[in-house]
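[1] Task: produce atomic coordinates for the following.
(2 chains)
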There are 2 protein chains.
Amino acid sequence: MLIQRMSETQCRRVLEKATLGRLACARENQPYVVPTYFAFDGTSVYGFSTFGQKISWMRANPRVCLEIDEHISHDQWLSVVVTGHYEELRDMPAYTAARHHAHKMLQQRPMWWEPGATPAAHQNNVDPFLPIYYRIRIDEITGLCATPDA
Amino acid sequence: MLIQRMSETQCRRVLEKATLGRLACARENQPYVVPTYFAFDGTSVYGFSTFGQKISWMRANPRVCLEIDEHISHDQWLSVVVTGHYEELRDMPAYTAARHHAHKMLQQRPMWWEPGATPAAHQNNVDPFLPIYYRIRIDEITGLCATPDA
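    Numbering: from 1, shown residues only, chains lettered A, B, ... in the order given. Here you go, the predicted model:
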């Protein structure tokens, strides 16, 4: 197995293709990571959720890390790690265009609504169905890619 | 789609079966998440790595989060989230038994060595092949499970 660092262009191609990643946030240095559907428009990552621990923590500390991987076999896999900042696209005029853009990007994924919307139904939340759109402004993208020995 | 909280027993069954998860650590409230192979002995999670960012950060801040998920379809999936503390099984007499136990647990996975060992070869590390065993002492396990509507 040969493991190589991926170029930023290669990493961005993975992000463009992927729809499911694992999004990590942190509070008082306790990390928290959950699976998340997302869309990438070439500049930022867009996501959707209802209110819960993830949103609460990202509001308090916008530093996040998104990880995407593909595993074909033990010696053929790739992993891309994005660090960035959470920015909530709030329901106010300043964010109207960004929210429309996020909605357009995200709805290209079949059934995109369900995973983001439903977990909140299990939390004691005053407004469990209020949609929350956010974007992740990317600070750095790195990736590793493994290929079998020739 | 019906989403339900999983019992701790159900979550532990997922941990016992799984070999690949995503492990998050944090430094100065910046989370970092990477794919990780692991083994669970019913009490703690065991992992193996060579030195790199993940180990460096977990040594500085032992608070970690391990996420395991299975996706059969958009309406059939599960996600288990473990929060816990990193404990390095150092190469010293006090840890000899624990290191043997970790090795025994981890080697039950075919090709277990490679993913943990190889990324360090891409880092400017003084001792890139020194094996580092660790265990994660579990503080909490939670899980969500989605099933299609009847």
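
[2] what about the strands in chain A?
    Using DSSP state E, the strands of chain A run over A:2-5, A:20-27, A:30-40, A:44-49, A:63-73, A:76-89, A:132-147.

[3] Dump these to a markdown table, plus mean neighbour count and distance to B:E140.
    Glycine gets a C-beta too; all of them are placed from N, C-alpha and C. What follows is those, written out as a markdown table (neighbours: other CB atoms under 10 Å in any protein chain shown; distance: least, CB to CB, whole Å):
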| stretch | mean neighbour count | distance to B:E140 |
| --- | --- | --- |
| strand A:2-5 | 14 | 33 |
| strand A:20-27 | 25 | 14 |
| strand A:30-40 | 23 | 11 |
| strand A:44-49 | 23 | 21 |
| strand A:63-73 | 20 | 21 |
| strand A:76-89 | 20 | 23 |
| strand A:132-147 | 19 | 24 |
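
[4] Let me have those strands in TSV, adding distance to B:R22 and mean pLDDT as columns.
    Formatted as TSV, the entries for these read as follows, by distance: least, CB to CB, whole Å; pLDDT from 0 to 100:
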stretch	distance to B:R22	mean pLDDT
strand A:2-5	18	90
strand A:20-27	4	96
strand A:30-40	6	95
strand A:44-49	16	94
strand A:63-73	6	94
strand A:76-89	9	96
strand A:132-147	14	96
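
[5] now the ones you listed in JSON lines, with distance to chain B?
    Formatted as JSON lines, the entries for the strands of chain A read as follows, by distance: least, CB to the nearest CB, whole Å:
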{"stretch": "strand A:2-5", "distance to chain B": "5"}
{"stretch": "strand A:20-27", "distance to chain B": "4"}
{"stretch": "strand A:30-40", "distance to chain B": "4"}
{"stretch": "strand A:44-49", "distance to chain B": "13"}
{"stretch": "strand A:63-73", "distance to chain B": "4"}
{"stretch": "strand A:76-89", "distance to chain B": "5"}
{"stretch": "strand A:132-147", "distance to chain B": "6"}
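
[6] Adding distance to B:I68, write those out as a markdown table.
    Formatted as a markdown table, those follow (distance: least, CB to CB, whole Å):
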| stretch | distance to B:I68 |
| --- | --- |
| strand A:2-5 | 23 |
| strand A:20-27 | 10 |
| strand A:30-40 | 10 |
| strand A:44-49 | 20 |
| strand A:63-73 | 13 |
| strand A:76-89 | 16 |
| strand A:132-147 | 20 |
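
[7] So which of these is nearest B:P93?
    Across the strands of chain A, B:P93 has its closest neighbour in strand A:30-40 (31.5 Å, CB to CB).

[8] so what strands line up beside the closest one?
    For strand A:30-40, the paired strands and their directions (DSSP bridges) are strand A:20-27 (antiparallel), strand A:44-49 (antiparallel).

[9] the inter-axis angle of that strand versus strand B:132-147?
    In terms of direction (axes from the mean of the first three to the mean of the last three CA atoms, to 10 degrees), strand A:30-40 departs from strand B:132-147 by 60 degrees.

[10] And the strands paired with strand A:30-40: which comes nearest B:F38?
    If you check each of the strands paired with strand A:30-40 against B:F38 by CB to CB, strand A:20-27 wins as the nearest, at 14.6 Å.

[11] What's opposite the residue nearest to A:H71 when sequence neighbours are not counted in the beta bridge?
    Using CB to CB, 6 or more residues apart in numbering or on different chains and skipping residues adjacent in sequence, the residue nearest A:H71 is A:W77, 4.5 Å away. When bridges are taken as DSSP bridges, the partners of A:W77 come out as A:H71, A:A146.

[12] for A:E140, same thing?
    A:T83.

[13] I'd assumed A:T50 was in contact with A:P131.
    Yes - shown here, A:P131 and A:T50 form a contact pair, counting by CB atoms under 8 Å, at 6.8 Å.

[14] Looking at the two, which is more packed in?
    Relative neighbour count places A:T50 above the other of A:P131 and A:T50, with 20 against 15, counting by other CB atoms under 10 Å in any protein chain shown.

[15] So what does that one have for phi and psi?
    Reported as degrees, to the nearest 10, the phi and psi values for A:T50 are phi -100, psi 170.

[16] The closest residue to A:G47 other than its chain neighbours: what's it in contact with?
    The shortest distance from A:G47 to any residue that is not its chain neighbour, by CB to CB, 6+ apart, is 4.8 Å, and that residue is A:F38. Contacts were defined as CB atoms under 8 Å, 6 or more residues apart in numbering or on different chains; by that measure A:F38 touches A:18-21, A:23, A:45-47, A:66, A:106, A:136.

[17] can I get the residues you listed in TSV with distance to B:N29?
    As requested, those are arranged in TSV below (distance: CB to CB, whole Å):
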residue	distance to B:N29
A:A18	26
A:T19	28
A:L20	25
A:G21	20
A:L23	15
A:V45	19
A:Y46	23
A:G47	20
A:L66	16
A:L106	27
A:I136	16
